[in-house]
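Undergrad: after the sequence you'll find the predicted model.
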Amino acid sequence: MNTRKRRRKGLTPRSEDFSAWYNEVVQEAELADYSPVRGSMVIRPWGYGIWENMQRALDDMFKASGHQNAYFPLLIPMSFIEREKEHIEGFKPELAVVTHAGGKELEEPYVVRPTSETIIYSMYAKWVQSYRDLPVLLNQWANVMRWELRTRLFLRTAEFLWQEGHTAHATEAEAEQEARLILGIYRTFMEDWMAMPPLTGLKSRSETFAGADRSYACEALMQDGKALQAGTSHMLGQNFARQFGLTFQSEEGREEYAWNTSWGVSTRLVGGLVMTHGDDVGVVVPPRLAPTQVIVTPIARSDEQAAVVMEKADGIVQALQRRGVRADVDRRRHLSPGAKFFEWERKGVPLRIEIGPRDVERGEVVVVPRVAGVSGARKEAVPEGDAVGGIGDRLEALQAQLLEAARDHREGMTFRGEVTSVEELGDLLDGGAGFVYSGWSGDPGVEERAKDATKATIRVIPGEEFRSATPPSRCIGGGEARMEVVWARAY
RNA sequence: CGGGGCGUGGCGCAGCUCGGUAGCGCGCCUGCUUUGGGAGCAGGAGGUCGCCGGUUCGAAUCCGGCCGCCCCGACCA
């Protein structure tokens, strides 16, 4: 009934309906919009700008660790995707298939790539003969399609953008090292750039990528207490190498199958960013990923004032840009200052500089950080020179604050201790827990039973740095624990 | 794929029960006045009422079919 009012004046509060809040904020902040194509979205400039900054940061890290980019075809022969048995079992339900082209039915249908292991390793088989040709360390930035039944902007769409790294190695140890190296890169990226601290570790068998021996993952906790799988790195063993004849002659002259890894993160990260930092005012974008880090909003009555103020604003933006800050002026004359404030807060620009006649007179500007909580909080009048010089520090401080807040939130919603029954797990989750640590015997039956009863899954068998000081001794399904695991309900 | 909801100017909706050819808010355009937290007034543009068929003198409205989208549950980055 007050939908109209709400649509203009604000979002559904997160506490009322997190899912509704998410849908609204993504559209209201102009990150993305629904498209005419079922389950497919349009990523708008603000959302795409965030993704571009993510891409740049990740791409630099991949390159720094010896990887190169390449590009493989969108269409994959059906027979390729069918070759690895578990792989096809995993993807079959969500394949889009091209059966006609050039006005004729094709002899062999193509699938629109849901992931590119098969076509990429078929090419590696052609390129690799000797151990001297290894390792192959390639990445591609691409779109993929998985025909999902239920979709949500950024989190799950039929088509999405991602990077997929595919490597081939001479030894198992080397491939294993690669898979872990990438997991570490993902974790660093999520912490340092997204201010989203994930748990990392190994996936249980049932959650392992179709066709992989082992999957590693980054699992981030969203504000509503649900986990988001934010990145995966797979040790594929020799499964694909065997199917595609990816062999090499070793130093000793033997013919051997190569060892592969594959790893990816997607535009889903943008959704994770929103659900990690957003508030009831709108999105909050960490400074390092913000397409615009500082928005200068001029305030003026008369045209004469506007000319003076605008000149000042331009000067400030130029000074900031010279310092490498992504700054911009909102020059629109038909919007009131207040309207502009709300708009940029909704979009999550980290810092706003207000500048009006009063400020020009005093040689000051007003600096306003986009902090979680109240709109327009913490306005501060700062001498113009100090403002320009201090922006870098302010942005870094905001970046650090966001990471700290996210980490506090994660820890605040994490339960560690002995959980000795599936019922107890359910109670903890219903009571507001996000991540629940427990012991596990390793029995898939226990995992399945817990999932049916609580809707939670084992998100990760945590890596060393995330394990409890005192490991749980009892399995959640009864009996003795053989390892520690982390449960959560997940996106 | 099961359950629910919705398709009416760009957006959000009313009108449908009880048939008579479409209305409101926001947005948009023009002008004037405004601008330190979502501006005001005046004038204006904009609609094959999702699609197909039926009933009727006449259908947004009644009937049948189809399509699409969104939300909730089983699979997935």
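TA: Cool, got the structure.
Undergrad: residues contacting the residue of the stretch 1-150 of chain A found nearest RNA strand B?
TA: Nearest residue of the stretch 1-150 of chain A to RNA strand B (CB to the nearest atom of the strand) works out as residue A:38 at 2.2 Å. Where you see a C-beta, it was placed from the backbone N, CA and C, and this is true even at glycine. Residues in contact with residue A:38, defined by CB atoms under 8 Å, 6 or more residues apart in numbering, are residue A:158.
Undergrad: let me know the secondary structure of it.
TA: When classified by DSSP: H, G, I helix; E, B strand; the rest coil, residue A:38 comes out as coil.
Undergrad: cool, the one 4 residues further on as well?
TA: For residue A:42, the secondary-structure state derived from three-state DSSP is strand.
Undergrad: my read is that it contacts residue A:36, right?
TA: No. Here residue A:42 does not reach residue A:36: they are 9.3 Å apart, not a contact under CB atoms under 8 Å.
Undergrad: the stretch 201-350 of chain A: helices as residue ranges?
TA: Counting by DSSP state H, counting those that start in this stretch, the stretch 201-350 of chain A has helices at residues A:239-244, A:268-277, A:303-322, A:337-347.
Undergrad: then the stretch 1-150 of chain A?
TA: Counting by DSSP H, counting those that start in this stretch, the segments of the stretch 1-150 of chain A that form helices are A:3-9, A:18-28, A:45-64, A:78-81, A:85-91, A:117-127.
Undergrad: counting contacts, what elements does the shortest one pack onto?
TA: With contacts defined as 3 or more CB pairs under 8 Å, 6 or more residues apart in numbering; DSSP states H and E, helix A:78-81 has these neighbours: helix A:85-91, strand A:104-112, helix A:117-127.
Undergrad: so what strands line up beside the second one?
TA: Taking DSSP bridges as the criterion, strand A:104-112 forms sheet pairs with strand A:75-77 (antiparallel), strand A:96-101 (antiparallel).
Undergrad: most tightly surrounded among these?
TA: strand A:75-77 (a mean of 18; mean count of other CB atoms under 10 Å).
Undergrad: other residues contacting that strand?
TA: For strand A:75-77, using CB under 8 Å, 6+ apart, the contacting residues are A:98, A:108, A:110-113, A:116, A:118-119.
Undergrad: what residues are up against residue A:31?
TA: Here residue A:31 is in contact with A:43-44, A:46-47, A:50, A:153-154, A:270, A:274, A:283 (criterion: CB under 8 Å, 6+ apart).
Undergrad: and the buried ones among those residues, selectable in ChimeraX?
TA: To isolate the buried ones among the contacts of residue A:31 in ChimeraX, judged by 16 or more other CB atoms under 10 Å, type:
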select /A:43,46,47,50,153,154,270,274,283
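Undergrad: and of the contacts of residue A:31, the nearest to residue A:15?
TA: residue A:274 (16.3 Å; CB to CB).
Undergrad: how about the contacts made by the closest one?
TA: Per CB under 8 Å, 6+ apart, neighbours of residue A:274: A:22, A:25-26, A:29, A:31, A:154, A:283.
Undergrad: let's have those in JSON lines, adding pLDDT and distance to residue A:415.
TA: Supplementary listing: the contacts of residue A:274 in JSON lines, determined by pLDDT from 0 to 100; distance: CB to CB, whole Å:
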{"residue": "A:22", "pLDDT": "89", "distance to residue A:415": "24"}
{"residue": "A:25", "pLDDT": "90", "distance to residue A:415": "28"}
{"residue": "A:26", "pLDDT": "90", "distance to residue A:415": "30"}
{"residue": "A:29", "pLDDT": "92", "distance to residue A:415": "32"}
{"residue": "A:31", "pLDDT": "92", "distance to residue A:415": "32"}
{"residue": "A:154", "pLDDT": "92", "distance to residue A:415": "28"}
{"residue": "A:283", "pLDDT": "94", "distance to residue A:415": "29"}
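Undergrad: coming back round to it: for the helices of the stretch 1-150 of chain A, state which one has the densest average packing.
TA: Mean neighbour count, computed with mean count of other CB under 10 Å, is highest for helix A:117-127 among the helices of the stretch 1-150 of chain A, reaching a mean of 21.
Undergrad: which other helices and strands does that one contact?
TA: By 3+ CB pairs under 8 Å, 6+ apart, helix A:117-127 packs against strand A:75-77, helix A:78-81, strand A:136-145, strand A:159-169, helix A:239-244, strand A:259-266.
Undergrad: could the strands paired with strand A:104-112 go into CSV alongside mean pLDDT and distance to residue A:385?
TA: Listed next are those as CSV, based on pLDDT from 0 to 100; distance: least, CB to CB, whole Å:
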stretch, mean pLDDT, distance to residue A:385
strand A:75-77, 95, 58
strand A:96-101, 87, 57
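Undergrad: can you add distance to RNA strand B and give the ones you listed back as CSV?
TA: As requested, those are exported to CSV (distance: least, CB to the nearest atom of the strand, whole Å):
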stretch, distance to RNA strand B
strand A:75-77, 17
strand A:96-101, 12
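Undergrad: so where's chain A uncertain?
TA: A:1-9, A:372-377 (pLDDT under 70).
Undergrad: show me the domain layout of it.
TA: Structural domains assigned to chain A are A:11-277, A:294-393, A:414-488, following automatic domain parsing.
Undergrad: just to revisit the earlier point, farthest-separated two in the contacts of strand A:75-77?
TA: Farthest pair in the contacts of strand A:75-77, by CB to CB: A:108 and A:116, 17.7 Å.
Undergrad: rewinding a little: for residue A:423, find the nearest of the helices and strands packed on helix A:78-81.
TA: helix A:85-91 (31.3 Å).
Undergrad: hmm, who's touching that closest one?
TA: A:81-82, A:114-115, A:117-118, A:146, A:209-211, A:239-240.
Undergrad: can you do 10 Å?
TA: If you take CB atoms under 10 Å, 6 or more residues apart in numbering as the criterion, helix A:85-91 is touched by A:78, A:80-82, A:84, A:95, A:111, A:113-115, A:117-118, A:146-147, A:208-212, A:236, A:239-240, A:243.
Undergrad: which residue lies farthest from the center of chain A?
TA: residue A:304 (46.4 Å; CA atoms, centre = their mean).
Undergrad: for that one, give me its contacts.
TA: residue A:357.
Undergrad: what's the distance between it and RNA strand B?
TA: Separation of residue A:304 from RNA strand B (CB to the nearest atom of the strand, to the nearest Å) stands at 10 Å.
Undergrad: apart from its neighbours in sequence, what residue is nearest residue A:349?
TA: Nearest non-adjacent residue to residue A:349, counting by CB to CB, 6 or more residues apart in numbering: residue A:295, 4.7 Å away.
Undergrad: that neighbour contacts residue A:337, doesn't it?
TA: No. If you go by CB atoms under 10 Å, residue A:295 and residue A:337 don't touch, sitting 11.8 Å apart.
Undergrad: so which of the helices and strands packed on helix A:117-127 is the most packed in?
TA: Taking mean count of other CB under 10 Å, strand A:259-266 is the most buried of these, at a mean of 26.
Undergrad: so, in contact with RNA strand B or not, that one?
TA: Yes. With CB under 7 Å from any atom of the strand as the measure, strand A:259-266 is seen reaching RNA strand B through A:264, A:266.
Undergrad: ok, which residues in the stretch 101-250 of chain A are in contact with RNA strand B?
TA: A:146, A:148-152, A:155-158, A:160, A:162, A:209, A:217, A:229-230, A:232.
Undergrad: list buried residues within these.
TA: A:146, A:148, A:151-152, A:155-158, A:160, A:162, A:209, A:217, A:229-230, A:232.
Undergrad: and the furthest pair within those?
TA: A:158 and A:217 (22.4 Å).
Undergrad: ok, and the closest non-adjacent residue to residue A:407?
TA: residue A:197 (4.9 Å).
Undergrad: and whatever residue of the stretch 101-250 of chain A ends up closest to RNA strand B, how far from residue A:432?
TA: Residue nearest to RNA strand B within the stretch 101-250 of chain A (CB to the nearest atom of the strand): residue A:229, separated by 3.4 Å. Distance, residue A:229 to residue A:432, using CB to CB, to the nearest Å: 21 Å.
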